[in-house]
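Peer 1: Quick one: sequence plus predicted model below, questions after.
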Amino acid sequence: MKKIKFKKNDRKLLWPNKHRIVPAYGTEIELYLWDLIVIFRGFLRQYLYYIIYENRPLSIKKVSIFIVERLDAIVRDLLHSQPDPLLDKSILHASDDLSTISDINEQSIHDTLNAIALVIKDLKTSETIRHELNETLNLLSEEIWKNEPRSFLIHALMGHLERNNEMLGYLKQLKLLLAQAVTDYKISWNKDSQ
C-alpha cells in the first residue's frame, strides 16, 4: 500500500475546538471551552475503546448522536448552574493546547488504514486476492482524503473489505473516525452504519 499523505490545509477534521464549539453554542460557553473539549474527548475515547478493543456491537451513528446530545445537555447545565470551570489556559501547558485541531484524529485514520494494510499483507489467501484488497484499500484511502469524497464509494469500498473478518475491528474504528469528520467531509453516513 502507498504511504498515505496528509494535506493538513486541505481540510480540517471535525474535532472539538474553540472554532467549532463557540459557534455551535455561543460566546457565553467560552468560559467552559476547555472543560467541554476534555469531556467530549473522554466520551469519544471510551466509546472507541468499547467498539474497537472489546468489539461491542455499538452503532456508530447511535454513539455519535448520544455523545452530541449529552454534550448539549452538559452545555445547558453549565449555562444554567454556572459553576467555576476546572480548566483554563492558565492551567494548561503549551503542549495541552486543546484549542487547535487535533492531529490525533488524522494520525488515527492514517494508523488505521496502515493497520488494515498489514492485515491484508498477512492474510492467508492467494496473491490475487491480496492484490485486489490492497487496490480496494488504496482507492478507499484516496477517496477519504479527497476534497469532496463520495460517500457511496466509501461505503462500497468498505463493504468490499468487510467481507474479511480479520479487518472488521479496524474497519469499525475507521468508520467511527470518519463519522467524526462527517460535517467537513460532507459524507452522509448510512443510517444503518455500525
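Peer 2: Sure thing, it's come through.
Peer 1: Provide a complete list of residue ranges assigned to helices in the chain.
Peer 2: 18-25, 33-52, 60-81, 103-122, 127-144, 151-161, 168-179, 182-185 (DSSP state H).
Peer 1: Now mean pLDDT too, for these, in TSV please.
Peer 2: Formatted as TSV, the entries for the helices of the chain read as follows, by pLDDT from 0 to 100:
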stretch	mean pLDDT
helix 18-25	72
helix 33-52	82
helix 60-81	88
helix 103-122	81
helix 127-144	94
helix 151-161	91
helix 168-179	81
helix 182-185	38
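Peer 1: if we compare these, which one ends up closest to D88?
Peer 2: Relative to D88, the nearest member of these by C-beta to C-beta is helix 33-52, separated by 6.0 Å. Quick note: C-beta positions are derived from backbone N, CA and C, even for glycine.
Peer 1: rewinding a little: pick the most buried one from the helices of the chain.
Peer 2: The highest mean neighbour count among these, using mean count of other C-beta atoms under 10 Å, belongs to helix 168-179: a mean of 21.
Peer 1: Export that one to PDB, keeping only CA atoms.
Peer 2: What follows is the C-alpha trace of helix 168-179 in PDB, where atoms were taken according to Å, rounded to 0.1, in the frame of the first residue of the first chain:
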ATOM      1  CA  LEU A 168     -13.700  -5.900  10.900                       C
ATOM      2  CA  GLY A 169     -12.300  -4.300  14.100                       C
ATOM      3  CA  TYR A 170     -10.200  -1.900  12.100                       C
ATOM      4  CA  LEU A 171     -13.000  -1.000   9.700                       C
ATOM      5  CA  LYS A 172     -15.300  -0.300  12.700                       C
ATOM      6  CA  GLN A 173     -12.600   2.000  14.000                       C
ATOM      7  CA  LEU A 174     -12.200   3.700  10.700                       C
ATOM      8  CA  LYS A 175     -16.000   4.200  10.400                       C
ATOM      9  CA  LEU A 176     -16.100   5.900  13.800                       C
ATOM     10  CA  LEU A 177     -13.100   8.200  13.000                       C
ATOM     11  CA  LEU A 178     -14.700   9.100   9.700                       C
ATOM     12  CA  ALA A 179     -18.000   9.700  11.400                       C
END
